[in-house]
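>>> what follows is a protein structure lacking sequence information:
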């Protein structure tokens, strides 16, 4: 089992493994410091009718030089693109001394999945390692949130894009070696 921790001690990857049809990454976040943070790790998709659908196991997926980069963070809108509504993940509050856990599943074979651009399939044979990025916002008086419910009635609190895109920090763990697949 692979394990890694970022230098801030906020993020720890506790497991990277294959199932029959997915790459599974488990992680924990530990509240360090004296103030809470808002973790941007609750991704969703928007239906054609405009409704949110939280996807607790989803991650953004990018392939960079042999590394599968898995992110749960706010992705800035590219300067050359106009969007009606930026994709802002929902947040969870992490207080000092508290621990939150998460699990993500990347369907195999992986496909690049990031907001604002179309991705393609990734040849798993070219992936050497995995890196996990989790975005968070230090608590601040100027943070403003939008509270909503997804299509299943689950609460979704998301920060306003402007303050989130400028205030986001990222915890990073890895690269971790990609585990061998027992049943390809």
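Ah, there it is. Small disclaimer: the values here were computed from a predicted structure and weren't measured.
>>> list the contacts of residue 31.
Applying Cβ atoms under 8 Å, 6 or more residues apart in numbering to residue 31 gives the contacts 10, 37, 94, 95, 96, 97, 98, 99. C-beta: built from backbone N, CA, C; applies to glycine.
>>> please redo it, this time with the cut-off set to 7 Å
Counting by Cβ atoms under 7 Å, 6 or more residues apart in numbering, residue 31 makes contact with 94, 95, 96, 97, 98.
>>> same check on residue 154?
With contact set as Cβ under 7 Å, 6+ apart, residue 154 has these partners: residue 54.
>>> between the contacts of residue 31, which has the most around it?
Neighbour counts for those (other Cβ atoms under 10 Å) peak at residue 94, which has 21 neighbours.
>>> ok, now how distant is the residue lying closest to it once chain neighbours are set aside from residue 98?
Once flanking residues are discounted, residue 94 sits nearest to residue 31: 4.7 Å by Cβ to Cβ, 6 or more residues apart in numbering. Distance, residue 31 to residue 98, using Cβ to Cβ, to the nearest Å: 4 Å.
>>> and the helices in this structure?
For the chain, applying DSSP state H gives helices covering 161-167.
>>> at the geometric centre of it, which residue sits there?
In the chain, the residue lying closest to the centroid (Cα atoms, centre = their mean) is residue 72, at 1.1 Å.
>>> so what's the residue lying closest to that residue once chain neighbours are set aside up against?
Nearest non-adjacent residue to residue 72, counting by Cβ to Cβ, 6+ apart: residue 41, 3.9 Å away. Residue 41 makes contacts with 72, 89, 92, 102, 134, as judged by Cβ under 7 Å, 6+ apart.
>>> among those residues, which are in strands?
72, 92, 102, 134 (DSSP state E).
>>> for the residues you listed, which one is nearest residue 59?
For the ones in strands among the contacts of residue 41, the closest approach to residue 59 (Cβ to Cβ) belongs to residue 72, at 5.6 Å.
>>> who's that closest one bridged to?
residue 134 (DSSP bridges).
>>> now do the contacts for it.
Residue 72 makes contacts with 40, 41, 43, 59, 89, 134, 135, as judged by Cβ under 7 Å, 6+ apart.
>>> ok, so of these, who is nearest residue 152?
Using Cβ to Cβ, residue 43 is the member of the contacts of residue 72 that lies nearest residue 152, at 14.7 Å.
>>> so what pLDDT did that closest one get?
With respect to pLDDT, residue 43 has a value of 96.
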